[in-house]
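[1] the sequence and its predicted three-dimensional model are supplied below.
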Amino acid sequence: MRNGEKKQLAVLGSVCALIVIVGFLIHSLLLERRVWIEEQRLQITKQVETVEAFARTRTSRPNWEAETTAREKRILRTLPESLDQGAFLTAIQRKAVIAGLTIEKVTPGNQQNEGGLTTLPIALVCKGNYFQLVSFFRQIEERGRYVKIREVRIESAEAGMLRCHLEMQIFAFAAV
């Protein structure tokens, strides 16, 4: 082989190697792009499935709007737009009577507004036996509005009875 042919083969080999390297780089970039596109496709597929599931749920439940309205009413009953202290205390009195408790003292605190809520602390002292207290707590918890019990102190009273001091808060959406 002559010297000129060797140079031509070397150049040709270099060109071929360069083509292979460039091809490999392009192939790598295309593979990365393909992986990214597949990830995007999976995300979009999940979103479409979520929307379709929502649409199926809504169309398969013809009374969906009525259920939603009823749920909103329950929420508003739990967290009403006004404190309505009188109605709350009447409900507490009724629950105490049903449980067999005697309410000895009720002391409402000062109304406070913060974070879009109006709160009213209430101190309550009642008397009854253990089972009556448990029944009363269960009734407060079960239905009606949200009540936060901040403190409970129970002490012995006369004739095997218990005296319960409750510090609680009731809440309402603050008037805008």
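    Perfect, thanks for sending it. All of these numbers come straight from a predicted model, not from anything done at the bench. Numbering: from 1, shown residues only.
[2] please enumerate the strands of this protein.
    102-108, 112-114, 117-128, 147-156, 162-173 (DSSP state E).
[3] what's the closest of the ones you listed to residue 67?
    Residue 67 sits nearest to strand 162-173 of all those, at 22.4 Å, using C-beta to C-beta. Glycine gets a C-beta too; all of them are placed from N, C-alpha and C.
[4] for the chain, give me the ranges with low pLDDT.
    For the chain, the stretches with pLDDT under 70 are 1, 58-62, 143, 174-176.
[5] quick check, central residue of the chain?
    The chain has residue 75 as the residue nearest its centroid, 13.2 Å off, counting by C-alpha atoms, centre = their mean.
[6] got the strands of the chain as a markdown table, with mean neighbour count and distance to residue 17 columns?
    Below are the strands of the chain laid out as a markdown table (neighbours: other C-beta atoms under 10 Å; distance: least, C-beta to C-beta, whole Å):
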| stretch | mean neighbour count | distance to residue 17 |
| --- | --- | --- |
| strand 102-108 | 13 | 89 |
| strand 112-114 | 10 | 73 |
| strand 117-128 | 18 | 73 |
| strand 147-156 | 11 | 76 |
| strand 162-173 | 18 | 74 |
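[7] got those strands as CSV, with distance to residue 7 columns?
    Putting the strands of the chain into CSV (distance: least, C-beta to C-beta, whole Å) gives the following:
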stretch, distance to residue 7
strand 102-108, 103
strand 112-114, 86
strand 117-128, 87
strand 147-156, 90
strand 162-173, 88
